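> sequence plus the predicted model coming up.
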Amino acid sequence: MDEPTRDAAPPLLTPLSQPPPSPAPQPAGHVEVDDSKVRACYANFCRVTGTPEELVIDFGLNPQPVGVPTQPIVVTQRIVTNLYTAKRLVQVLQMTVQRHEATFGVLETDVQSAPSAGKPRRRRPGRPPRRSASGSVHSQPRRRNQ
């Protein structure tokens, strides 16, 4: 008696069967991000420390941003990351600041020399920023002595 063996695996595809549906292809380089649990906070203080393997970045609020603070700065957020991610972060932050300065003018980080006590200079709309001989962008035209 010839009986079919029950342990034999069925064929994967038969002429009447359909191949299993494939997952929807995602564009190359597309990363899906779920930001439903994000908590935003403002920081005007940053401290960076680290080890040979990782970087520790603390963020907080300095209640006295000009001069030496008279009370402790409370650190409210800390990011610990590896140095490869830190390097990519530096690159994307640099690119973002360059785009901002190309549109709105140079950001002065020295509060002592910043115009209007730390307020950024604004260029007039519709007027492109001028570049100095060194290639840096200036937000206001140079005034001539009269």
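Arrived safely.

> only C-alpha atoms from now on, for both contacts and neighbour counts.
OK.

> show me where pLDDT drops low in the chain?
1-27, 111-146 (pLDDT under 70).

> if we go to 90?
With pLDDT under 90 as the threshold, the chain has low-confidence stretches at 1-30, 64-69, 109-146.

> strands of that one, start to end?
45-50, 54-61, 74-82, 130-131, 137-138 (DSSP state E).

> now tabulate the ones you listed in TSV and tack on mean neighbour count and distance to residue 103.
Listed next are the strands of the chain as TSV, based on neighbours: other CA atoms under 10 Å; distance: least, CA to CA, whole Å:
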stretch	mean neighbour count	distance to residue 103
strand 45-50	12	25
strand 54-61	17	27
strand 74-82	13	30
strand 130-131	15	11
strand 137-138	20	9
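
> same list (those) but as a markdown table, adding distance to residue 93.
Converted to a markdown table, the strands of the chain look like this (distance: least, CA to CA, whole Å):
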| stretch | distance to residue 93 |
| --- | --- |
| strand 45-50 | 14 |
| strand 54-61 | 15 |
| strand 74-82 | 16 |
| strand 130-131 | 21 |
| strand 137-138 | 18 |
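
> of those, which is nearest residue 37?
Shortest separation from residue 37 across these is recorded for strand 74-82, at 15.2 Å, computed as CA to CA.

> show me what the closest one is packed against.
With contacts defined as 3 or more CA pairs under 8 Å, 6 or more residues apart in numbering; DSSP states H and E, the packing partners of strand 74-82 are strand 54-61.
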